[in-house]
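S.K.: How does the following fold in three dimensions:
(one chain, ligands or ions: 1)
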Amino acid sequence: MITNHTIETLMNRKSVRKYTDRKLSKDELEVIVRAGQQAAFASQLYSVLYSTEGPIAFHAPVWFVICVDAYKVERFMKLRGWDIVTNDLTLLLLGMQDAAYMAQNMIIAAESLGIGSCFLGAVSSSASRIKTLSERFELPNRVLPMVELVMGYPDEDFPTRPRYPLAFTLFENKYPELSDEEVKTAMKVMDDGYLEQEYYRKQNARIKAEDGRKDDYTFDNYSWTEHISRKWGQWVKSPNELLDTLKERGFSLFKDEE
Ligand SMILES: Cc1cc2nc3c(=O)[nH]c(=O)nc-3n(C[C@H](O)[C@H](O)[C@H](O)COP(=O)(O)O)c2cc1C
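M.R.: Residues are numbered from 1 along each chain as shown. Predicted coordinates:
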């Protein structure tokens, strides 16, 4: 495979869930966010809040909350005599892209400096987490926490986690009809990839012990594809609470007539 420093950095990145006590300097923090800003954007529909005050997940030294932000654009539009008339769904879909590309730039910039990271996605399924973060960071209307992100110097090293085969991801000209066999091949790559790594079994057990979680599954009897299936087969069936909370945050996603 073709490679260079940038591709190596991308290929070596992995989520880190154990950190040393070493703090990030202000210069490190600022260059990471500045590199994040250099991502392509639709309208810079994001803001990044951060805190070094604990408790922070995985005892990381710094915690970011990446937000979709339609407040700042609204402010400058007002100074130009404009109101936003674009529907909130479009603003949210574009804002999530702006925020996600910036967040991805941030973790790659961090990786290139030897700084590890891990996203925390609870806000996407939890109205109460959206409310907690909005109050904690005093977010104005039309600023929505999209994802949390912790960073720090890694206190663990391990192989990168597996990915689907490229043939299950990259499709030329048209989406193929996937046979069960092809789906099973991709599942096996993922499940074997995790099972092969003794490290992940230990890490899984350690994180659960630290979190005080009671469930006793491991990757020995429980695979990546089963883990994902159990999430999307059980969690957050109704969107109503999330839709209500988004509306409270200033993103009204109901149809005009409702
Ligand atoms: C939107 C999003 C939400 C995530 N939420 C969590 C989380 O709540 N807890 C966690 O430990 N990891 C979380 N992760 C990290 C993923 O578990 C991780 O990226 C994935 O398992 C692949 O592993 P890798 O990043 O080491 O390659 C999240 C990642 C993303 C992009």
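S.K.: only C-alpha atoms for contact and neighbour calcs from this point on.
M.R.: OK.
S.K.: what sits against residue 122?
M.R.: By C-alpha atoms under 8 Å, 6 or more residues apart in numbering, the contact list for residue 122 reads 129, 147.
S.K.: Kindly provide the distance from it to residue 65.
M.R.: Using C-alpha to C-alpha, to the nearest Å, we find residue 122 at a distance of 11 Å from residue 65.
S.K.: Name the residues contacting each of the two.
M.R.: Shared contacts of residue 122 and residue 65 (C-alpha under 8 Å, 6+ apart): residue 147.
S.K.: Identify the residues contacting stretch 57-72?
M.R.: Stretch 57-72 has contacts (C-alpha under 8 Å, 6+ apart) with 17-24, 45-53, 56, 91-92, 95-96, 98-99, 103, 140-152.
S.K.: again with stretch 9-17
M.R.: Identification of contacts with stretch 9-17 by C-alpha under 8 Å, 6+ apart yields 58, 108, 111-112, 116-119, 154, 156, 160-161.
S.K.: Identify each buried residue in that stretch, please.
M.R.: Neighbour-count burial for stretch 9-17, with 16 or more other C-alpha atoms under 10 Å as criterion, is recorded at 9, 13-14, 16-17.
S.K.: wait, does it make contact with the ligand?
M.R.: Yes: under the criterion of C-alpha under 6 Å from any ligand atom, the ligand is reached by stretch 9-17 at 14-15.
S.K.: What average pLDDT does that stretch get?
M.R.: Taken as a whole, stretch 9-17 has an average pLDDT of 97.
S.K.: Just the strands from the stretch 101-250 of the chain, written as ranges.
M.R.: Secondary structure of the stretch 101-250 of the chain by DSSP state E, counting those that start in this stretch: the strands cover 116-120, 143-152.
S.K.: In CSV: the ones you listed, plus distance to the ligand, mean neighbour count and mean pLDDT.
M.R.: Output for the strands of the stretch 101-250 of the chain, formatted as CSV (distance: least, C-alpha to the nearest ligand atom, whole Å; neighbours: other C-alpha atoms under 10 Å; pLDDT from 0 to 100):
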stretch, distance to the ligand, mean neighbour count, mean pLDDT
strand 116-120, 4, 22, 98
strand 143-152, 6, 25, 98
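S.K.: Which one of those lies nearest to residue 41?
M.R.: Smallest distance to residue 41 across the strands of the stretch 101-250 of the chain (C-alpha to C-alpha): 15.9 Å, for strand 143-152.
S.K.: Put the buried members of the contacts of stretch 57-72 into a ChimeraX selection.
M.R.: Only the buried entries of the contacts of stretch 57-72 go into this ChimeraX selection, using 16+ other C-alpha under 10 Å:
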select :17,18,19,23,24,45,46,47,48,91,92,95,96,98,99,103,142,143,144,145,146,147,148,149,150,151,152
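S.K.: among the contacts of stretch 57-72, which are in helices?
M.R.: Judged by DSSP state H, the subset of these located in helices is 91-92, 95-96, 98-99, 103.
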